[in-house]
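Peer 1: build the 3D model from these lines:
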Amino acid sequence: MFFTLVVLTLSLQGVLSQFPKVCTTSKALKDRCCCPTWRDGSMCGADSGRGVCRFISQPRTQAKSLDKQNDDRLEWPHEYFDSMCVCKSRYHGFDCGDCMFGWTGAKCDKKKDIIRKEIRQLSPTERVKFFSYLSLAKVKKSARFSILTSGNRFDRNTFRFVEASVYDVGAWMRYYAYKPILRNNLFNVTTTFATRGPGFLTWHRWFLLFLEREIQILTGDDTFSMPYYDWSVDAGTCHVCNNDYMGKTSSDGVLTSSSYFGSWRSICSGYYYDYKYCPVAEDGCKMEPLQRSPGTDPTAPTMPTAKDVEEALKWETYDTPPYDHTSTRSFRNIVEGYMSPTDGTTESANMNLLVRLYMGGSMAQDTICSADPLFLLHQAYIDKIYERWIQRKGATNALYPRSGIPGQDPEENIVPSIPTMMNKEFMNKAESFGYSYSDYPTQSLKGATYT
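Peer 2: Next up, the predicted model:
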């Protein structure tokens, strides 16, 4: 019944889903199949040896009830599609028309190695190009993906599918993965598909790679890389919160009009109800401007230090039971910011969480933090810390734990990845995904080596 309603919605309103647009036809939804033809005319580029259309395996850990309302993201992506393109070798993409992260070329046989620099290492020309790319991504409608909205998650009749800009598709993905999990008519607000569990670091690594790749495709610049912001060397004050970089804040807590991002608005803002999916996504005038208020929250008057980073990196175990925000001596939970990096057992806001609270405004709001481009730079630095831990441990996906948290087990598919990718795939060295991080500045870290 749900798919009949979606098809009717598409035919009457001409809008699309958050999935690849070519997979939102009546036939694809009815057949529960997202296997588009590639330019050689075959599904998934099969005639060119790029991929095959196949049933997507997903562990059945959620035990869906047939007579009670459950989340559309459980057992992703089987609420929508059962069969999708599975790409061979180093091919990737919803039609296998792209290359896997880290590879390029017509046959995806050329290794990429882009360097993610600290934003203050960018030359003036590189910085302007970065801001120009973000601006284009913010205004240009995605030709590849759109997003899901709903006025009532309990009623599939209210599900609608609307277009969004390239940047807002990325921001929406974090919003969508963060919404409380619905099972048996009840919302679980203690965890999400992207946070408060083992998937925090791997989900955000995938997220950055996805958005980085979409901007490369949008601009035709295969060398574009996402910069990072190393807040640990700023002595507790945001040194990029000015109009030369990420924007100055006015007295009312919004970015000034002379900022690069002064006109930006936060997709899905203003409506934080658990039972809605971004109901005003089409109406930008109802969305909030970007807000930021560095250092004004009395609970977060400063940011983590380089010493805090080093303390976090000393923890050997990636994650520990119960694999949530109460986990002690857990590298993941310490970096996520719920435990002290010094002793690993004292509950305190630090690392990721402390930075977001310090920034305030949009960054401090869990559902819309990704609307602020500063979140991308912050998350890239968190990923750099994660990469240092992986390098130090020689970690591989074999270390990714089984937690039982919905959507965060090793073989479960990342929500909302299409093409689907498993959580454990992103516990590997950054070089396997075609990027590395610059050193910045090594002297402040007392001999620590960056990669």
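
Peer 1: quick one: the helices in this structure?
Peer 2: For the chain, applying DSSP state H gives helices covering 2-13, 26-31, 124-139, 166-178, 199-219, 306-313, 331-336, 351-359, 373-393.

Peer 1: wait, which of the ones you listed is closest to Val189?
Peer 2: Closest of the helices of the chain to Val189 is helix 166-178, at 10.6 Å (criterion: Cβ to Cβ). All C-beta atoms are positioned from the backbone trio N, CA, C, and that covers glycine.

Peer 1: which strands or helices does the closest one pack on?
Peer 2: Judged by 3 or more Cβ pairs under 8 Å, 6 or more residues apart in numbering; DSSP states H and E, the packing partners of helix 166-178 are helix 124-139, strand 147-150, helix 199-219.

Peer 1: mean pLDDT lowest where, among these?
Peer 2: Note on those: lowest mean pLDDT is at strand 147-150, with a mean of 87.

Peer 1: which other helices and strands does that one contact?
Peer 2: With contacts taken as 3+ Cβ pairs under 8 Å, 6+ apart, strand 147-150 sits against strand 159-162, helix 166-178.

Peer 1: against which helices or strands is the shortest one packed?
Peer 2: Looking back up the chat, that one is strand 159-162. Counting contacts by 3+ Cβ pairs under 8 Å, 6+ apart, strand 159-162 is packed against helix 2-13, strand 147-150.

Peer 1: least confident of the ones you listed, on average?
Peer 2: Taking the mean pLDDT of the helices and strands packed on strand 159-162, helix 2-13 comes last: a mean of 35.

Peer 1: hmm, back to that, winner for burial among the helices and strands packed on strand 147-150?
Peer 2: Mean neighbours per residue, mean count of other Cβ atoms under 10 Å, is largest over the helices and strands packed on strand 147-150 for helix 166-178, with a mean of 25.

Peer 1: what's next to that one, contact-wise?
Peer 2: With Cβ atoms under 8 Å, 6 or more residues apart in numbering as the contact definition, helix 166-178 has outside contacts at 18, 73, 134, 136-138, 140-142, 145-148, 164, 192-195, 203, 207, 210-211, 214-215, 218, 266-268, 277-278, 281, 366-371, 373, 415-416.

Peer 1: may I see the PyMOL selection of the buried members of the residues you listed?
Peer 2: A single PyMOL command selects the buried members of these (16 or more other Cβ atoms under 10 Å):
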select buried, resi 18+73+134+137+138+142+145+146+147+148+164+192+193+194+195+203+207+210+211+214+215+218+266+267+268+277+278+281+366+367+368+369+370+371+373+415+416
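
Peer 1: quick one: closest of the helices of the chain to Asp252.
Peer 2: Asp252 sits nearest to helix 351-359 of all these, at 16.0 Å, using Cβ to Cβ.

Peer 1: contact partners of the closest one?
Peer 2: Contacts for helix 351-359 (Cβ under 8 Å, 6+ apart): 231, 238, 241, 292-295, 297, 299-304, 308-309, 312, 334-338, 341, 349, 363-364, 369, 372, 374-375, 378, 382, 385.

Peer 1: got it, and stretch 240-247?
Peer 2: So stretch 240-247 is contacted by 119-120, 127, 229, 248-249, 255-256, 258-262, 290, 292, 294, 359, 373-374, 377 (Cβ under 8 Å, 6+ apart).

Peer 1: no more questions from me, cheers.
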